Every structure is written in structure tokens, then in C-alpha cells.
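Visitor: please find the sequence and the predicted model below.
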Amino acid sequence: MVIPSLNRSKHEILSLVGKGATRVFRKADLATLLRENRDRWGLAQNVRFADFLEFLTTEGQLGEVSLPSESDYSPIRRYVWGDITPFELALGLKEGSYLTHSTAVFLHDLTEQIPQTIYVNAEQSPKPKPTGELTQESLDRAFRTHQRSSRYVFIHERNRFVILSGKNTGRYGVVSLPAPDGRKVQTTDLERTLVDIVVRPAYGGGVHEVQAAFRAASDRLSISKLLATLRALDYVYPYHQALGFYLDRSGVPSKRLERLRKLGVEFNFYLAHGMKNPALDSSWRVFHPKGL
């Protein structure tokens, strides 16, 4: 049964919910929407939140989805409006999040592979920078074993949603890009995307896919912006050596790479964790899988 006061404001209510910046809602979001607009919509005080939900479901396009965890976390439940894309759903899982890694690679048109695993980053609160001197021994030890990966993974239909708790960057390099359906989504810019998949190659599809992304981006990226991104993200490890390796193998002229090389090639570095019998590139002093 449609409550009269809801029905009188039907068009305005459905328009506000359906045409807003997001089509994915937490229960609290909808409760706030009702509370803040109750007087403007002229809703009687006996209109309960349950009535509001029923109205949006029966008169509009509101539905509820549940995303079970791949491990032992509780399912994530969200309300969605109409047919949403996996990218929209991913951004609705954590407030203030943005798409990243191989998902950003796809959005920047650096691969033809349509992602079924969607990576979304919700930054941690600021933490102190790790202390201690970087040595070859500490590098070797850190990269000897496989890199840890997020267990915060949820499933909906054919997609896996991997929620990352990345270091706090103040959303550095986050931009708005159109997804395939034309709706804008929050994702990392080109240079931040390339740095991210160098730091976490497993989230970029592995080193071969990372190399392919660099080849596709080689004539579009800005070395100045790449260096600025590295400075802003402020990593302890010498990821500039891995960047130089990938760019060199992508055909970027040596002259364009001089500023990366000036950062120093002091250590033997690694493209990925846990590699078995890797080869060493003597120019950038980077261990890489044979045949790359």
C-alpha cells in the first residue's frame, strides 16, 4: 500500500534517489536521506523508514544485494538503484574509495581484458613512515617470499571485489573517468596506476601484464608526473628502478629516462616477490622472470 504523503512527493523522491551521484546506498545513507528531506517532502511523522524502503522498492528501482566473503568476513549488504555496473558497486562498498590496479589499467584503455576482479582502495589513516636503513640484505629478505594479498574479498554474480587498505596518500592522483557505460567513476590517474601495479604486480595481473600496460602507455605517460607520483607516495624501496626497467623494455628512449636513472641504481631490486631463479638486468639492476 502506498502511503498518501509518500505518493504526493513520488516524483521528487524517486528523482532524488535515482539521479544522485551514486546508485549504491548503505542503510544509513537512505535513513539520512529520509531524515533530511522529511519536512520538504511533506511526509507525515508516521512514515517509518520501513515504509520509505518499501516505497522505493515498489514504486522505484531499489533492490538489495548481498556480497558474501571469500573467507570468514560477514557479507556486505547494499541497496542499489536499477542496473548498476560492477564499478559502481565496488565504489559503494567503502566510503571515499577509488578504483585501482588492474581495474584502473582497464579504465585507462591499457588492456582489452574486461576485469572480473575489481580492485577498490579505501585508504588507511596516516601512519608513521617505517624507520630503519635500507640494505641489500633487507631487500633480499623482503622479496624472498610471496607478497601478502588482501583477504577482504567479496563476490557478486561473476565478479570478485578486492578491497584494499592502501597507505594514506590523501587520494593522490585520483581522477574521475568514464566507465564503459559512460558514467564517471573515481580511479587513479595514468601515472599513479602504473606506479601502483609496479608496487603490487599481483594486483596488476602479474609482471607480464604489467609490462603490457607499460607498452600501451609508453607514448601517453609523463615522466615528470611519474616522478612526482613517486615522490608523493614516498616508498622506502627503490621502485624507480623497476619503473625504469619496464619503460626501457617498452621502447621509451633513454634520454627520457635520465631523471629516473639519476635517482640512483644502488641496490639489486626485484620486479616481484618470490621469484624462482630470476634473471638480472644489469642496466637497472632489477631481477625479473626469465623470458620477460
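Guide: Thanks, I have it.
Visitor: check which element follows the one helix or strand in the chain whose mean pLDDT sits lowest along the chain.
Guide: Lowest mean confidence among the helices and strands of the chain (mean pLDDT, DSSP states H and E): helix 4-8, at a mean of 80. Following helix 4-8 in sequence order, the next helix or strand is helix 10-18 (DSSP states H and E).
Visitor: contacting residues around that next one?
Guide: For helix 10-18, contacts defined as Cβ atoms under 8 Å, 6 or more residues apart in numbering pick out 6, 30, 33, 37, 41, 55-56, 59-62, 81-82. Where you see a C-beta, it was placed from the backbone N, CA and C, and this is true even at glycine.
Visitor: can you put the residues you listed in a markdown table and add neighbour count and distance to Tyr239?
Guide: Shown next, in a markdown table, are the contacts of helix 10-18 (neighbours: other Cβ atoms under 10 Å; distance: Cβ to Cβ, whole Å):
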| residue | neighbour count | distance to Tyr239 |
| --- | --- | --- |
| Leu6 | 20 | 55 |
| Leu30 | 17 | 42 |
| Leu33 | 17 | 43 |
| Asn37 | 15 | 48 |
| Trp41 | 17 | 52 |
| Phe55 | 21 | 52 |
| Leu56 | 23 | 47 |
| Glu59 | 14 | 52 |
| Gly60 | 16 | 47 |
| Gln61 | 15 | 45 |
| Leu62 | 22 | 44 |
| Trp81 | 20 | 40 |
| Gly82 | 10 | 41 |
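Visitor: those into a markdown table, with extra columns for secondary structure and distance to Leu110?
Guide: Formatted as a markdown table, the contacts of helix 10-18 follow (DSSP: H, G, I helix; E, B strand; the rest coil; distance: Cβ to Cβ, whole Å):
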| residue | secondary structure | distance to Leu110 |
| --- | --- | --- |
| Leu6 | helix | 47 |
| Leu30 | helix | 37 |
| Leu33 | helix | 37 |
| Asn37 | helix | 42 |
| Trp41 | coil | 46 |
| Phe55 | helix | 44 |
| Leu56 | helix | 38 |
| Glu59 | coil | 42 |
| Gly60 | coil | 37 |
| Gln61 | coil | 33 |
| Leu62 | strand | 35 |
| Trp81 | strand | 30 |
| Gly82 | coil | 29 |
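Visitor: closest one to Arg249 out of those residues, please.
Guide: Checking the contacts of helix 10-18 against Arg249 by Cβ to Cβ gives Gly82 as the nearest, at 44.0 Å.
Visitor: what's the closest one in contact with, if anything?
Guide: With contact set as Cβ under 8 Å, 6+ apart, Gly82 has these partners: Gly18, Arg23, Gln61.
Visitor: for it, report the pLDDT, please.
Guide: Note for Gly82: predicted pLDDT of 93.
Visitor: what's the answer for Val2, then?
Guide: 61.
Visitor: how about the strands in the stretch 51-200 of the chain?
Guide: 62-67, 76-81, 98-99, 117-121, 153-156, 159-164, 174-178, 184-188 (DSSP state E, counting those that start in this stretch).
Visitor: name the helices or strands packed onto the fourth one?
Guide: Other helices and strands packing on strand 117-121, by 3 or more Cβ pairs under 8 Å, 6 or more residues apart in numbering; DSSP states H and E, are helix 86-91, strand 98-99, helix 101-107, strand 159-164.
Visitor: could you list the low-pLDDT ranges of this protein?
Guide: 1-2 (pLDDT under 70).
Visitor: try 80
Guide: Along the chain, the parts satisfying pLDDT under 80 run over 1-5, 130.
Visitor: just the helices in it please.
Guide: In the chain, the helices defined using DSSP state H lie at 4-8, 10-18, 27-37, 49-58, 86-91, 101-107, 136-144, 190-199, 207-217, 223-233, 239-249, 258-261.
Visitor: for the second one, list the C-alpha coordinates in CSV.
Guide: In this case it means helix 10-18. Coordinates of each C-alpha in helix 10-18 appear next as CSV, following Å, rounded to 0.1, in the frame of the first residue of the first chain:
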residue,chain,number,x,y,z
LYS,A,10,6.6,10.5,-5.5
HIS,A,11,8.3,12.2,-8.5
GLU,A,12,10.6,14.3,-6.4
ILE,A,13,11.6,11.4,-4.1
LEU,A,14,12.3,8.9,-7.0
SER,A,15,14.2,11.6,-8.9
LEU,A,16,16.5,12.5,-5.9
VAL,A,17,17.3,8.9,-5.2
GLY,A,18,17.7,7.7,-8.8
